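Chemist: Next one to model:
(chains A, B, C and D)
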Number of protein chains: 2
Amino acid sequence: MAEDTPAQTHTDRRKNETRLWLGILDVHSFIYPELNKRLKELTAISVSKFDVLAQLNRYPEGLSMGDLSARLKVSNGNVSGLVNRLRKDGLVDKTMSTDDRRSFVAVLTPAGQQRFAEAARVHTEVLGKCLSHLDTQTLEDTTAMLKSIVNMPDNKVPSQDE
Amino acid sequence: MAEDTPAQTHTDRRKNETRLWLGILDVHSFIYPELNKRLKELTAISVSKFDVLAQLNRYPEGLSMGDLSARLKVSNGNVSGLVNRLRKDGLVDKTMSTDDRRSFVAVLTPAGQQRFAEAARVHTEVLGKCLSHLDTQTLEDTTAMLKSIVNMPDNKVPSQDE
DNA sequence: TTGACTTATTTTATATATAAATCTATTTAT
DNA sequence: ATAAATAGATTTATATATAAAATAAGTCAA
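Modeler: Down below sits the predicted model:
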């Protein structure tokens, strides 16, 4: 499968690593602004808010601020602000935990569930348009390779998902 | 090379597109925070500032605010703020353009050149560590695939670089 | 039980980012 | 030559993000 390539110098290796990172940034800035723009236009929520709603949608019983923060990989302070704004939007409820009075649990309101469903449709459509030129094989191969970047063999990966 | 795969449903296609995007986000949040943290610790500049310095480093004669904004793909207002903060840091100079009095040209100071050189070393090192587990082939293949995502065939890509 | 940690969250200060309004200078049409 | 339109940059208002400090509630050892 893989053809033989001459051994790379340290410098070449470093250049290739940089190229990979620039590639990630290019794809990110190719898709993210479009996603953000269309979500805001059509559903009045940002990608950040969408991400919060998506997590809460997966957990109908709700998630604590800390769990949200860990799942979204953003700071506690950031989650505080996002959830407050979503509360103002009427999309999320926040209630004190019954077993720990320090803890607060965020849950989607019915309006939040509905808005998330609309936003998810838009999200899917935008990705479809941005990636429409990719054939199935490239789509799957790229995804697999990206996975192999994050799922390091031995290192101290902080554990994904649940 | 590519094996035959059964035709995908529309829904499967959409799921795979989403998986690709989530993969991009995972890699981004795997590398970006580490890059930002280490750059700040060791050279006292953020990734955003690094990006500005990197562009100015490529153009010793300097770049206008608008050119910087286009190259970095960020808003004019953002560039205004970044360049002002870099000026306070003593890393960038801003002078009025000689041929257009509306235009301002940003240039690296000697301190800026030196700081960029240090930061570039850190940047390279961090990427080296984050990507050390990838073999040469995966590194190059992934980069090529990422390129094929952004370089669309017919569409209205706003033109990259020069 | 009290005091010392630890944990969950918010607040504060600051940086980064956008969009829209504004300001000033240049260009274009008449 | 002047008025209208355009272009380059900044300012303003707001959202998003972090780190560090503060607040408040829980845990645990003595």
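
Chemist: do you know how far residue A:29 is from residue B:39?
Modeler: 19 Å (CB to CB, to the nearest Å). Glycine gets a C-beta too; all of them are placed from N, C-alpha and C.

Chemist: Just want to know which of these two has more residues nearby.
Modeler: residue B:39 (22 against 14; other CB atoms under 10 Å in any protein chain shown).

Chemist: how close does the residue nearest to residue A:64 when sequence neighbours are not counted sit to residue A:94?
Modeler: Using CB to CB, 6 or more residues apart in numbering or on different chains and skipping residues adjacent in sequence, the residue nearest residue A:64 is residue A:103, 5.1 Å away. Distance, residue A:103 to residue A:94, by CB to CB: 11 Å.

Chemist: Same question for residue A:149.
Modeler: For residue A:149, the distance to residue A:94 - CB to CB - is 35 Å.

Chemist: which other helices and strands contact the strand or helix carrying residue A:107?
Modeler: Using DSSP states H and E, residue A:107 sits within strand A:104-108. Applying 3 or more CB pairs under 8 Å, 6 or more residues apart in numbering or on different chains; DSSP states H and E, one finds that strand A:104-108 contacts helix A:47-58, strand A:63-64, helix A:65-72, strand A:92-96.

Chemist: What helix or strand is the closest residue to residue A:127 other than its chain neighbours located in?
Modeler: Leaving aside its sequence neighbours, residue A:127 sits nearest to residue B:17 (CB to CB, 6+ apart; 4.5 Å). Per DSSP H and E, residue B:17 falls inside helix B:10-43.

Chemist: what about that helix and DNA strand C, touching?
Modeler: No: applying CB under 7 Å from any atom of the strand, one finds helix B:10-43 out of contact with DNA strand C, separated by at least 8.5 Å.

Chemist: Roughly how far does the most centrally placed residue in chain A sit from residue A:39?
Modeler: Central residue of chain A (CA atoms, centre = their mean): residue A:51, 6.0 Å from the mean position. Distance of residue A:51 to residue A:39, given as CB to CB: 11 Å.

Chemist: cool, residue A:103 as well?
Modeler: 30 Å.

Chemist: got it, and residue A:120?
Modeler: 10 Å.

Chemist: try residue A:96
Modeler: For residue A:96, the distance to residue A:39 - CB to CB - is 31 Å.

Chemist: So which residues on chain A come close to DNA strand D?
Modeler: Counting by CB under 7 Å from any atom of the strand, the residues of chain A near DNA strand D are A:46, A:48-49, A:73-78, A:81-82, A:85, A:100-102.

Chemist: Next step: those restricted to helices.
Modeler: A:48-49, A:76-78, A:81-82, A:85 (DSSP state H).

Chemist: Excluding chain neighbours, what is closest to residue A:83?
Modeler: Nearest non-adjacent residue to residue A:83, counting by CB to CB, 6+ apart: residue A:106, 5.2 Å away.

Chemist: likewise residue A:125?
Modeler: That would be residue A:38: by CB to CB, 6+ apart, it lies 7.9 Å from residue A:125.

Chemist: Can you report how many residues neighbour the one you found?
Modeler: 17.

Chemist: pretty sure it contacts residue A:122?
Modeler: Yes: contact status for residue A:38 versus residue A:122: in contact at 5.8 Å, counting by CB atoms under 8 Å.

Chemist: in stretch A:54-63, what counts as buried?
Modeler: Neighbour-count burial for stretch A:54-63, counted by 16 or more other CB atoms under 10 Å in any protein chain shown, picks out A:55-56, A:59, A:62-63.

Chemist: These into CSV, with extra columns for pLDDT?
Modeler: Output for those, formatted as CSV (pLDDT from 0 to 100):
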residue, pLDDT
A:55, 98
A:56, 98
A:59, 97
A:62, 96
A:63, 97
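
Chemist: DNA strand D: which of these is nearest?
Modeler: residue A:55 (12.4 Å; CB to the nearest atom of the strand).

Chemist: That closest one: what's it in contact with?
Modeler: A:63, A:68, A:71-72 (CB atoms under 8 Å, 6 or more residues apart in numbering or on different chains).

Chemist: Pass me the low-pLDDT residue ranges in chain A, would you?
Modeler: A:1-6, A:153-162 (pLDDT under 70).

Chemist: Who are the contact partners of the closest residue to residue A:116 other than its chain neighbours?
Modeler: Of all residues not flanking residue A:116 in the chain, residue A:53 sits nearest, at 4.2 Å (CB to CB, 6+ apart). Residues counted as contacts of residue A:53 (CB under 8 Å, 6+ apart) are A:45, A:86, A:91-92, A:108, A:112, A:115-116, A:119.
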